[in-house]
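Participant: Build me a model from this:
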Amino acid sequence: MAKLPKVDIVNATGTHTASLFFFHGSGSTGSDIKKWIDSLNREELRFPHTKIIYPTAPYQPYTLNNGMPSHVWFDRKGLSREVPEDIESIDPMCKTIVELIDNETSKGIPDNRIVVAGFSMGGALSMYLSYRFRLTLGGCCAMSSFLNKNTLVYQSLKENQGRRVPPLLQFHGTSDTLVPFQWGEDSSNDVKDLGVNVEFIPLPNVDHELSRAGIETFKKWLLNILPE
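Facilitator: Residues are numbered from 1 along each chain as shown. As a prediction, this is how the structure comes out:
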């Protein structure tokens, strides 16, 4: 099982009845993504009833960083939809995050009151969790993310067709120079065809980054998925 070096937490300001996990992109940290979100939100993101959990990925060798260590959730053999997934690094990480989710449920927060979200690689991790490892979660959000064409997510969704799965909110900048917009849109269409309730939102003139408009829309969606 992978070990996480740090977990940043923003507690609910009132009675804790829901939890949000937000996963950073490759090379970042939970603290960094929190600061970015807070800056776009123009104040610390917090909710009366929802606890926010920002884990930091392990510092481990990453092929796309010339094999040098980086804070990444899993390895990628290439930045492409065509390459095989690195299941040997994805699965242990998902099992580690499932332990964190189990920690929330042990405190009385049911799966349908837990949402996972993330940026870039963190968004892909959210989709792996929601559609392979924890199909009972309340919702999933992926920002500037994609799934490989041969992903086991599609196999899992096929095996669970007819079953209720977490709804997906997906954002992607139309000017993304790292993860092409088409990759995100194609991934969205693929899971939609397999029964996922998807809301895909293009962000005009946005590169590979979070945006204020995206954060505002995400907050409204989250309050709809996890009302007080």
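
Participant: Pull out the buried residues from the helix ranked longest in the chain.
Facilitator: Across the chain, the longest stretch assigned as helix under DSSP state H is helix 87-105. Within helix 87-105, the residues scored as buried using 16 or more other C-beta atoms under 10 Å are 89-91, 93-94, 96-97, 101, 104. For glycine as for every other residue, the C-beta is placed from the backbone atoms N, C-alpha and C.

Participant: With stretch 172-188 instead?
Facilitator: Residues of stretch 172-188 classed as buried by neighbour count (16+ other C-beta under 10 Å): 172-173, 176, 179, 181, 183-185, 187-188.

Participant: Tell me which residues are up against that stretch.
Facilitator: When contacts are defined by C-beta atoms under 8 Å, 6 or more residues apart in numbering, stretch 172-188 is touched by residues 79, 81, 120, 127, 142-147, 168, 170, 198, 200-209, 211.

Participant: Also stretch 67-77?
Facilitator: Stretch 67-77 is contacted from outside by 5, 23-24, 26-29, 56-65, 83-84, 86, 89-90, 93, 121-122, 124-125, using C-beta under 8 Å, 6+ apart.

Participant: what is the mean pLDDT for the longest helix of the chain?
Facilitator: In this model, helix 87-105 carries a mean pLDDT of 97.

Participant: any idea which helix or strand comes after it?
Facilitator: Going down the chain from helix 87-105, the next helix or strand is strand 114-119, by DSSP states H and E.

Participant: tell me the angle whichever helix or strand comes after that following strand makes with helix 87-105.
Facilitator: Downstream of strand 114-119, the next assigned helix or strand under DSSP H and E is helix 121-128. On the basis of axes from the mean of the first three to the mean of the last three C-alpha atoms, to 10 degrees, helix 121-128 is oriented at 80 degrees to helix 87-105.

Participant: okay, the closest residue to L203 other than its chain neighbours: pLDDT?
Facilitator: Computed as C-beta to C-beta, 6 or more residues apart in numbering, the closest residue to L203 that is not its neighbour in sequence is G173, at 4.6 Å. Looking at G173, its pLDDT stands at 98.

Participant: let's have the chain start at 728 instead
Facilitator: Fine by me, first position is 728 from now on; the one you just mentioned is G900.

Participant: Okay, G900 and L856: tell me how far apart.
Facilitator: For G900, the distance to L856 equals 23 Å [C-beta to C-beta, to the nearest Å].

Participant: cool, E943 as well?
Facilitator: Per C-beta to C-beta, E943 is found 24 Å from L856.

Participant: Those two: who's more crowded?
Facilitator: Remark: of E943 and L856, L856 carries more neighbours, 24 against 12, as counted by other C-beta atoms under 10 Å.

Participant: ok, now which ones touch the more buried one?
Facilitator: With C-beta under 8 Å, 6+ apart, L856 has these contacts: 821, 824-825, 828, 843, 864, 867.

Participant: Buried ones from the contacts of stretch 794-804, can you make that a ChimeraX selection?
Facilitator: Buried residues within the contacts of stretch 794-804, by 16+ other C-beta under 10 Å, are selected in ChimeraX with:
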select :750,751,753,755,756,783,784,785,789,790,791,816,817,820,848,849,851,852
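
Participant: Restricted to helices, list the contacts of stretch 794-804.
Facilitator: Filtering these for helices - DSSP H - leaves 816-817, 820, 848-849, 851-852.

Participant: Tell me the one of the residues you listed nearest L884?
Facilitator: A851 (14.9 Å; C-beta to C-beta).

Participant: pretty sure that closest one is touching L874, no?
Facilitator: Yes - using C-beta atoms under 8 Å, A851 is in contact with L874, at 6.4 Å.
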